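*Asks:* how would this look folded up:
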Amino acid sequence: MKEKGLSVKSVVAIGIGTAIYVILARFTSIPTGIPNTNIEIVYPFLALLATIYGPVVGFSAGLIGHALTDFLMYGQTWWSWVIATAILGLIIGLYGLRLDLENGEFTTKQMVGFNLVQIIANVVSWGILAPLGDILIYSEPANKVFLQGIVAAITNSLSILILGTILLKAYAASKVKKGSLHKD
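*Replies:* Model (predicted):
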């Protein structure tokens, strides 16, 4: 009989991932000079989490982590950006299903593919969804929110490109490669 719902491993990954998300978002944001738009070190971590544990964990940790962070830091949750973070985790997690990190594989070709997908996910999340949500939900001016979105898409893409790739390469390197153990 097949189990329904999330595995214990996924639930734990969501819980721990959410806690780490909140801590990183709270203490590692670097202001860009554009109001309410920061260089976020949390997104490479979300990319790692989503790639290892999949799209449900990436979506859930992004959604809950961003919602809690907004509430704790600002006293309210900015839902358009929370949803954008969740979608980012979902898309990266879906691509992560194609990778074989558990067997120590993260080739140059996989790095390029991962980074193309994460850049597209950032453009969709921050360059389109977050600004449109800001306009539709909060009646924010389009020029302001699209500037914020474009800056967020660029900075988040770069942080994942650099730190996310390093984290994924290190994670894959920590795993035993398939067929590397031989009986003497």
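*Asks:* So, low pLDDT: which residues of the chain?
*Replies:* Residue ranges of the chain with pLDDT under 70: 1-3, 178-184.
*Asks:* which residues of it fall in helices?
*Replies:* Assigned helices in the chain, in chain order: 8-27, 42-53, 55-74, 79-96, 108-122, 130-138, 142-159, 165-173 (criterion: DSSP state H).
*Asks:* Among those, show me which one is buried the most.
*Replies:* Highest mean neighbour count of the helices of the chain: helix 42-53, a mean of 27 (counted as mean count of other Cβ atoms under 10 Å). The way it works is simple: take the backbone N, C-alpha and C, and place the C-beta from them, glycine included.
*Asks:* between that one and helix 79-96, how many degrees?
*Replies:* 40 degrees (axes from the mean of the first three to the mean of the last three Cα atoms, to 10 degrees).
*Asks:* dump the residue contacts of the residue nearest to the spatial centre of the chain.
*Replies:* The residue lying closest to the centre of the chain (Cα atoms, centre = their mean) is residue 46, at 3.5 Å. With contacts defined as Cβ atoms under 8 Å, 6 or more residues apart in numbering, the neighbours of residue 46 are 17, 21, 58, 61-62, 65, 85, 88-89, 92.
*Asks:* Then residue 17?
*Replies:* Counting by Cβ under 8 Å, 6+ apart, residue 17 has contacts 45-46, 49, 53, 57, 61, 65.
*Asks:* Pick out the most distant pair among those residues.
*Replies:* 53 and 65 (13.5 Å; Cβ to Cβ).
*Asks:* How much space separates the nearest residue in space to residue 31 that is not next to it in sequence from residue 176?
*Replies:* Of all residues not flanking residue 31 in the chain, residue 38 sits nearest, at 5.6 Å (Cβ to Cβ, 6 or more residues apart in numbering). Distance, residue 38 to residue 176, by Cβ to Cβ, to the nearest Å: 38 Å.
*Asks:* Compare those two (neighbour count), which wins?
*Replies:* More neighbours surround residue 38 than the other of residue 38 and residue 176, with 18 against 10 (other Cβ atoms under 10 Å).
*Asks:* Kindly provide the distance from the more buried one to residue 4.
*Replies:* Counting by Cβ to Cβ, the gap from residue 38 to residue 4 is 39 Å.
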